[in-house]
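Asks: When you get a sec, could you give me coordinates for this:
(2 chains)
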Protein chains: 2
Amino acid sequence: MKPFHNLHVAVLIMAGPLLASTSAIAAQEASAHQEIVRSGSQPSIAGPAANFTGSVRVDMVWPAKDGVNASGALVTFEPGARSAWHTHPFGQQLVVVSGLGLVQEEGKPIQRIHPGDVVWCPPGIKHWHGAAEKTAMTHLAVTGTGTDGKNVEWMEKVSDEQYRAH
Amino acid sequence: MKPFHNLHVAVLIMAGPLLASTSAIAAQEASAHQEIVRSGSQPSIAGPAANFTGSVRVDMVWPAKDGVNASGALVTFEPGARSAWHTHPFGQQLVVVSGLGLVQEEGKPIQRIHPGDVVWCPPGIKHWHGAAEKTAMTHLAVTGTGTDGKNVEWMEKVSDEQYRAH
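Replies: Numbering: from 1, shown residues only, chains lettered A, B, ... in the order given. You can find the predicted model right below:
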């Protein structure tokens, strides 16, 4: 798997068109065409040890581009794996696809999340998410991305004590 | 199922914050909290006959809000069902979840899409999508949405002759 760092390059976008009018975007994109990214054509990426505890895999689904300022990625946490504490400057929607997950906002109890649940992580709210202790979890992460490509601010790891407080 | 028209209300967003700085958004949202929308809490919506041929169901996943300017919805087309021709002012990403789908950009051949395929529909490009003649298809539609809540421009229906030209 490629290092996670490459993902940051992949999700760099031009949010500039968002400032333009609808018609301006349409004109600008008149030479664009539908593109199909086939299943299996995007390599899996390992979540880096600096930002995750345990084994985490990231499968890119779509990049932020043009008028859609959010990227989509499937993130799979093995049992016990979790992100470090972090915030998102533009917010993030998490859609649980499979397994049993945990999510916690700083200062609040850990909550369990199940397939089909959708978690909204507002801009600037410190939190973490991951798998349950004995069950893996995959979620789709839809992450708002700025004009500079930035979409996350990483912080300290979630300690075993913090993780087990549920 | 509720009429599709309500969906437009549900996906109205404030894209204004996108024009602000990251820190301004973080400050503005300091009183916000994580929200979990539980599976099964959002009613299915019927795709209206004005914009679709055949039986189509829309299941809202997340609305466009704050720093994420795109909504997510699962759209299920029964065999033979398809959208009318349309464009998206800010573009749309389609992620095929199950079944066998068809997609066509105006003036180009119909293409088959399979689970895991991702289709980028650029702003202003006229196209349609739907199920295969004998197989249903579900895709996640991630749709860029403007400050006025607009995210689609509907056009004429896809005729049976157009649909069968594959």
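Asks: buried ones in stretch A:143-153?
Replies: Within stretch A:143-153, the residues that count as buried by 16 or more other C-beta atoms under 10 Å in any protein chain shown are A:143, A:144, A:145, A:146, A:149, A:151, A:152. For glycine as for every other residue, the C-beta is placed from the backbone atoms N, C-alpha and C.
Asks: and which of these is nearest chain B?
Replies: Taking C-beta to the nearest C-beta as the measure, chain B sits nearest to residue A:144 out of these, at 3.8 Å.
Asks: Hmm, the closest one is touching residue A:87, no?
Replies: No - taking C-beta atoms under 8 Å as the definition, residue A:144 is not a contact partner of residue A:87, at 11.7 Å.
Asks: joint contacts of these two?
Replies: residue A:123 (C-beta atoms under 8 Å, 6 or more residues apart in numbering or on different chains).
Asks: Verify the stated contact: residue A:111 with residue A:101.
Replies: No - look at residue A:111 against residue A:101 with C-beta under 8 Å: they stay out of range, at 9.1 Å.
Asks: Double-check that residue A:142 belongs to a strand.
Replies: Yes - when DSSP: H, G, I helix; E, B strand; the rest coil is applied, residue A:142 is found to be in a strand.
Asks: Share the number of residues neighbouring residue A:32, please.
Replies: For residue A:32, the count of nearby residues is 17 (other C-beta atoms under 10 Å in any protein chain shown).
Asks: do residue A:34 as well
Replies: Residue A:34: 18 neighbours (other C-beta under 10 Å).
Asks: Am I right that it is in contact with residue B:125?
Replies: Yes - in this structure, residue A:34 is within contact of residue B:125 by C-beta under 8 Å, at 6.3 Å.
Asks: Find residues that contact each of those two.
Replies: residue B:105.
Asks: mind putting the buried residues of stretch A:143-153 in a markdown table, distance to residue A:54 included?
Replies: Below are the buried residues of stretch A:143-153 laid out as a markdown table (distance: C-beta to C-beta, whole Å):
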| residue | distance to residue A:54 |
| --- | --- |
| A:143 | 21 |
| A:144 | 26 |
| A:145 | 26 |
| A:146 | 28 |
| A:149 | 27 |
| A:151 | 22 |
| A:152 | 18 |
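Asks: Check what pLDDT residue A:24 gets.
Replies: Looking at residue A:24, its pLDDT reads 45.
Asks: just residue A:166 next, same as before
Replies: 74.
Asks: Based on its surroundings, how many neighbours for residue A:35?
Replies: Residue A:35 has 13 nearby residues by other C-beta under 10 Å.
Asks: Please list all residues in contact with residue A:104.
Replies: A:110, A:111, A:127, A:128, A:129, A:162.
Asks: Drop anything exposed from these.
Replies: Buried among those by 16+ other C-beta under 10 Å: A:110, A:111, A:127, A:128, A:129.
Asks: Of the residues you listed, which pair is most distant in space?
Replies: A:111 and A:128 (11.5 Å; C-beta to C-beta).
Asks: Give the residues shared as contacts by the two.
Replies: A:103, A:104.
Asks: pLDDT below threshold where in chain A?
Replies: A:1-31 (pLDDT under 70).
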